[in-house]
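**Student:** Fold the following.
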Amino acid sequence: MTNDQLGPRAYAAAHFGLELQGVDEELGLFRSIEGGGLKCDVMTYQNGGTYERLRQLGKPKFDDIKIQLGMGMSEPFYNWIAEFFSGKGTRKNGTIVAADFYYNERARREFSAALIKDMTFPALNATDKNPAYMTVSLAVEDMVFKKGGGEPIKMNKGINTQKDWKSCNFHFSIDGFPDACKRVTKVESFTVKQNILEYASGGRRTMSKTPSAMDFPPISFSMPAVDAQPLLEHFKKRGVDGEVPGRLHGQIETFNNETEAKNSSFKVEFFGADIVNAQHDKSDAGTDEIMQVKFELYVESMKFTYLNGSGSGTLETDPSQL
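**Tutor:** Take a look at the predicted model:
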């Protein structure tokens with residue numbers, strides 16, 4: 001049988017791309033894209049005392065789009081994340097493109113009025129050499145499914161860049177405690193969210209979505225107990241003695257291994273923070289692990305800044321060199 005008789009060839013899910021309206025350049029390398037499906041509620045009616053039930057479709061709903069990405073993205077996408085952290089609720093139209101083995105376009109899912117709903121920052125660990133990925137969720141108002149035109153898709157760039165960001169490539173700092181934070185070994189994963197409100201209006205079939213308040217999570221990090229005393233003293237003054245020595249400001253910087261200077265790629269700053277919990281590791285005669293203290297900070301606000309290797313310059317201490 002010929003290829004025409006067999007019908008259109010199936011294609012793998014490994015070749016894909018993302019387009020955003022107004023951005024002509026490639027957006028960069030994604031680890032994965034999922035979601036963006038369509039579903040409808042079923043409405044059931046029963047007339048009078050009969051047992052017959054009638055059903056019909058209700059309003060359509062579109063699943064959130066989840067994008068897993070690292071440092072291999074281009075500046076426009078990171079700027080969108082920065083606007084999300086500021087609470088602007090910037091909307092974007094775009095397209096998820098599926099391609100075949102030859103990177104020719106086979107299918108398109110065009111979405112409109114997308115808002116960043118949340119961003120999950122990965123767990124960072126000074127002993128973990130695996131690549132780190134963030135997860136960004138998009139809430140969309142409408143989705144149109146189209147057949148691909150067969151043109152070559154824009155090739156994702158940034159493959160080498162993505163390999164540069166490992167889980168151990170970070171620097172955690174708090175203003176006023178430069179020596180205490182030099183050897184922070186872990187930062188737990190956290191998720192920044194913007195609440196999305198849904199409204200049904202008039203005869204519109206789809207729901208309109210409006211951004212609401214930002215929700216900034218607590219940040220948990222660990223450091224050797226030998227370095228923790230300044231933060232423990234600060235916590236005692238605030239939590240036990242009731243003194244007001246001032247709330248905390250700090251940042252998490254990420255960097256790569258390609259340059260000797262280890263310039264930062266992006267940073268997440270936190271403001272209006274203070275310690276709410278301090279826990280020492282379990283003491284155990286059968287372990288050789290270094291005694292650690294885990295701190296938890298509440299946070300009032302955060303700021304995301306894309307640096308693209310033009311950040312704070314040389315880091316004095318690499319957390320992986322303990």
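**Student:** Name the secondary structure element that contains E83.
**Tutor:** Assigned by DSSP states H and E, E83 falls within helix 75-85.
**Student:** could you say what helices and strands the helix or strand following that helix packs with?
**Tutor:** Using DSSP H and E, the next helix or strand after helix 75-85 towards the C-terminus is strand 92-99. For strand 92-99, the packing partners by 3 or more Cβ pairs under 8 Å, 6 or more residues apart in numbering; DSSP states H and E come out as strand 16-20, strand 105-121. All C-beta atoms are positioned from the backbone trio N, CA, C, and that covers glycine.
**Student:** Could you dump these into a markdown table and include mean neighbour count, distance to P218 and mean pLDDT?
**Tutor:** Shown next, in a markdown table, are the helices and strands packed on strand 92-99 (neighbours: other Cβ atoms under 10 Å; distance: least, Cβ to Cβ, whole Å; pLDDT from 0 to 100):
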| stretch | mean neighbour count | distance to P218 | mean pLDDT |
| --- | --- | --- | --- |
| strand 16-20 | 18 | 31 | 81 |
| strand 105-121 | 20 | 12 | 91 |
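**Student:** what would those look like in JSON lines with distance to E198?
**Tutor:** Below are these laid out as JSON lines (distance: least, Cβ to Cβ, whole Å):
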{"stretch": "strand 16-20", "distance to E198": "23"}
{"stretch": "strand 105-121", "distance to E198": "11"}
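**Student:** With respect to T191, which of these lies nearest?
**Tutor:** strand 105-121 (4.5 Å; Cβ to Cβ).
**Student:** May I have the closest one as PDB, with CA atoms only?
**Tutor:** C-alpha atoms of strand 105-121 as PDB (Å, rounded to 0.1, in the frame of the first residue of the first chain):
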ATOM      1  CA  GLU A 105       3.900  21.700  11.500                       C
ATOM      2  CA  ARG A 106       1.200  19.100  11.900                       C
ATOM      3  CA  ALA A 107      -1.300  20.700  14.300                       C
ATOM      4  CA  ARG A 108      -2.000  24.000  16.100                       C
ATOM      5  CA  ARG A 109      -3.800  24.900  19.300                       C
ATOM      6  CA  GLU A 110      -4.300  28.600  19.300                       C
ATOM      7  CA  PHE A 111      -5.200  30.100  22.700                       C
ATOM      8  CA  SER A 112      -6.200  33.600  23.500                       C
ATOM      9  CA  ALA A 113      -6.100  36.000  26.600                       C
ATOM     10  CA  ALA A 114      -3.700  33.700  28.500                       C
ATOM     11  CA  LEU A 115      -2.700  34.700  32.000                       C
ATOM     12  CA  ILE A 116       0.100  33.300  34.100                       C
ATOM     13  CA  LYS A 117      -1.700  31.500  36.900                       C
ATOM     14  CA  ASP A 118       1.200  30.200  38.900                       C
ATOM     15  CA  MET A 119       5.000  29.500  38.700                       C
ATOM     16  CA  THR A 120       6.600  26.700  40.600                       C
ATOM     17  CA  PHE A 121      10.300  27.300  41.500                       C
END
